[in-house]
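*Asks:* here is a sequence together with a model predicted from it:
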Amino acid sequence: MSLNENILLIKYQREKNGKARKKILENGNVKDKSIKLPLYIEALKDPDIDNKALAIKFLGEISDSESLLPLIELTQHRLEIHENLISTIVKIIKKCDLKEVLPLFMDIDNLNIRKSIPLILGEFSNKTTKTYLIDLLHDKNAVVRKNAIKALEKISDEEDLDQIILMLNDEDLHVINQAILFLGHVGVKKAIKPLINFLKYEDELIRKSTVRALYTIIKREGDLKLVNNIINKRNPIARREAVKILGLLKKPESIKFLMKLLNSKDGKIRRLAYSAILKTLKQDKSQINLIREGINASIWQVRKYSAKILGELVDEESIDLLVSRLNDSKSSVRRSITNSLSKFNSDIIIEISESQIESEDWRIRRAVVDLLKNIGNASAVKSLVKCLEDNDIYVRSWAINALGKLKDEDSLEIFHELLHSKDSRIRISVAKALGKICDEKSINPLIQSLGDDDFEVRKEIEKALERIEPKWMSLL
């Protein structure tokens, strides 16, 4: 060690100020690595994290094997610079003889250092490091085992598959999860059978990783029967996860099978099947006719979801088909149809609605009101006003509620007149609507109706007044 080196190192060791120590480390006047190396190795102990990072950077640039052991020892501390530390160690090892370096790792007893060994060795693809990593699969520490699997993922092949499949029996969830990720990455058919068992696993993270792994393998293998077989099994959790796989695969040939699941007794499976069909059709509409046929299915849930899908796809060729089911016997199907129709061009749908307002079927007229409410523009409001003259009490009531939700001030005069309707249900609906519109012009008409014979009507009128003007009683 030269005199200059002694002075620089001693100066660094005696300096208490972190910024001053940083300046010493950045001293550009010293170019001899034999002077800098001991200084940077010493700086690995610096309490300032920025100085530590600087020392790691410079040691990486020098890439001398003498700094290897101090750097490896630093991995026992889980610092935010851990990733850079590992990269520097790998960089130095690549300039050394790996056979000479490996004994350094084999002699390490410190558990916290051993956790990082697989991450380092995973950057070297050769038989010796692979053998060592496979040995680490049996380490007592779960983190070491997990990291060994992660490292093997980079350098392993199908020959090591059996070793990883055995890790699915590990007692630690993180190790199992890493093994599942490995099998998905390697992606061979042999891994499917052991992975399927984890679709019904209690832990959600494990199931999620299994879905991704099986998706990768099945996509490569191209065999949808594998998924269908899982769905036909009894376990509901596994069946749900299998439907998710079909949603990821987005294969048009799976739609026919998924359509059957829209009638499942399991609500989650129905929703997942709907989602999978929608994802698939957004990518490839070649099987859309199956959905159009579903509008007339004998099973009402199939009709409901088929209508939703056609609406989400804004499939204009299906407009007439959807309109033809406005009189569906199930209210939830009618609601699904009106929600879907409201997603299409509003001028076309309002024109269709106008033609259906006078239908003899009360279900169609009620559905039209619902549809116009969903559209909600000026033309829709105009059509809703016409519905106020309908003979069906429910159509009139729904139209009033719709206009109230749309807060159409042009309907105020009509509403004020309807406060005197003979039907108390209409008067209640009008009061609710006026409360939603919240216009001061309605205060006097509402006050004049406070003497209504029906208690429920009076109660709704008071609520409406409270919303429009909290101090309305002072106006009496």
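*Replies:* All right, it came through fine. Just so we're clear, the structure is a prediction, and the values are computed from it rather than from any experiment.
*Asks:* I'd say residue 445 and residue 418 touch.
*Replies:* No: assessed by Cβ atoms under 8 Å, residue 445 is found out of contact with residue 418, at 10.1 Å. Placement of C-beta: from N, CA and C, glycine included.
*Asks:* which other residues reach the one helix or strand residue 404 maps to?
*Replies:* Under the criterion of DSSP states H and E, residue 404 resides in helix 393-406. Contact partners of helix 393-406, identified using Cβ atoms under 8 Å, 6 or more residues apart in numbering, comprise 362, 365-366, 369-370, 372-373, 376, 380-381, 384-385, 387-390, 411, 415, 418, 423, 425-426, 429-430, 432-437.
*Asks:* where in this protein is pLDDT low?
*Replies:* 1-6, 28-31, 408, 410-411, 476 (pLDDT under 70).
*Asks:* which residue ranges make up each domain of it?
*Replies:* 1-96, 407-476 (automatic domain parsing).
*Asks:* buried stuff in the helix holding residue 404?
*Replies:* Across helix 393-406, burial judged by 16 or more other Cβ atoms under 10 Å covers 395, 396, 397, 398, 399, 400, 401, 402, 403, 404, 406.
*Asks:* can you redo the domains of the chain as a markdown table with mean neighbour count and distance to residue 186?
*Replies:* A markdown table is the format used below for these (neighbours: other Cβ atoms under 10 Å; distance: least, Cβ to Cβ, whole Å):
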| stretch | mean neighbour count | distance to residue 186 |
| --- | --- | --- |
| domain 1-96 | 15 | 23 |
| domain 407-476 | 17 | 60 |
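*Asks:* in the stretch 251-400 of the chain, which spans are helices?
*Replies:* Remark: helices assigned in the stretch 251-400 of the chain by DSSP state H, counting those that start in this stretch are 255-261, 267-283, 288-294, 300-312, 319-323, 331-341, 346-356, 362-375, 378-387, 393-406.
*Asks:* helices or strands next to the longest one in the packing?
*Replies:* To tie it back to what came earlier, the one meant is helix 267-283. Secondary-structure packing of helix 267-283 (3 or more Cβ pairs under 8 Å, 6 or more residues apart in numbering; DSSP states H and E): helix 236-249, helix 255-261, helix 288-294, helix 300-312.
*Asks:* let me know which of the ones you listed is tucked in deepest.
*Replies:* Most buried of the helices and strands packed on helix 267-283, by mean neighbour count (mean count of other Cβ atoms under 10 Å): helix 300-312, with a mean of 23.
*Asks:* report the angle between that one and helix 331-341.
*Replies:* 10 degrees (axes from the mean of the first three to the mean of the last three Cα atoms, to 10 degrees).
*Asks:* who touches helix 300-312?
*Replies:* For helix 300-312, contacts defined as Cβ under 8 Å, 6+ apart pick out 259, 262-263, 270, 273-274, 277-278, 281, 291-297, 318, 321-322, 325, 328-330, 332-333, 336-337, 339-344.
*Asks:* contacts for the helix or strand harbouring residue 86?
*Replies:* In the assignment (DSSP H and E), residue 86 maps to helix 82-93. With Cβ under 8 Å, 6+ apart as the test, helix 82-93 has contacts from 53, 56-57, 59-60, 63-65, 67-68, 71-72, 74-75, 79, 101, 116, 119-120, 123-124.
*Asks:* what about 10 Å?
*Replies:* 44, 52-53, 55-68, 71-72, 74-75, 77, 79, 81, 100-102, 104, 116, 119-124 (Cβ atoms under 10 Å, 6 or more residues apart in numbering).
*Asks:* for the helix or strand following it, packing partners?
*Replies:* Per DSSP H and E, helix 82-93 leads on to helix 98-106 as the next helix or strand towards the C-terminus. Counting contacts by 3 or more Cβ pairs under 10 Å, 6 or more residues apart in numbering; DSSP states H and E, helix 98-106 packs against helix 68-74, helix 82-93, helix 117-121, helix 127-136.
*Asks:* next, the angle from the second one to helix 98-106.
*Replies:* In terms of direction (the same axes, to 10 degrees), helix 82-93 departs from helix 98-106 by 140 degrees.
*Asks:* could you pull up the residues touching the nearest residue to residue 467 once chain neighbours are set aside?
*Replies:* Distance criterion Cβ to Cβ, 6 or more residues apart in numbering; nearest residue to residue 467, sequence neighbours excluded, is residue 435 at 4.6 Å. Contacts for residue 435 (Cβ under 10 Å, 6+ apart) come out as 404, 442, 446, 460, 461, 462, 463, 464, 465, 466, 467, 468.
*Asks:* now the two most distant members of these.
*Replies:* Farthest apart among the contacts of residue 435 by Cβ to Cβ are 404 and 462. That separation is 16.4 Å.
*Asks:* helices or strands up against the helix or strand harbouring residue 55?
*Replies:* For residue 55, the element it lies in under DSSP H and E is helix 49-62. Other helices and strands packing on helix 49-62, by 3+ Cβ pairs under 10 Å, 6+ apart, are helix 18-25, helix 33-43, helix 68-74, helix 82-93.
*Asks:* need those helices in JSON lines with distance to residue 355, can you?
*Replies:* Formatted as JSON lines, the helices and strands packed on helix 49-62 follow (distance: least, Cβ to Cβ, whole Å):
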{"stretch": "helix 18-25", "distance to residue 355": "80"}
{"stretch": "helix 33-43", "distance to residue 355": "83"}
{"stretch": "helix 68-74", "distance to residue 355": "79"}
{"stretch": "helix 82-93", "distance to residue 355": "67"}
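*Asks:* name the nearest residue to residue 76, sequence neighbours excluded.
*Replies:* residue 112 (3.8 Å).
*Asks:* burial of that neighbour, as a residue count?
*Replies:* 14 (other Cβ atoms under 10 Å).
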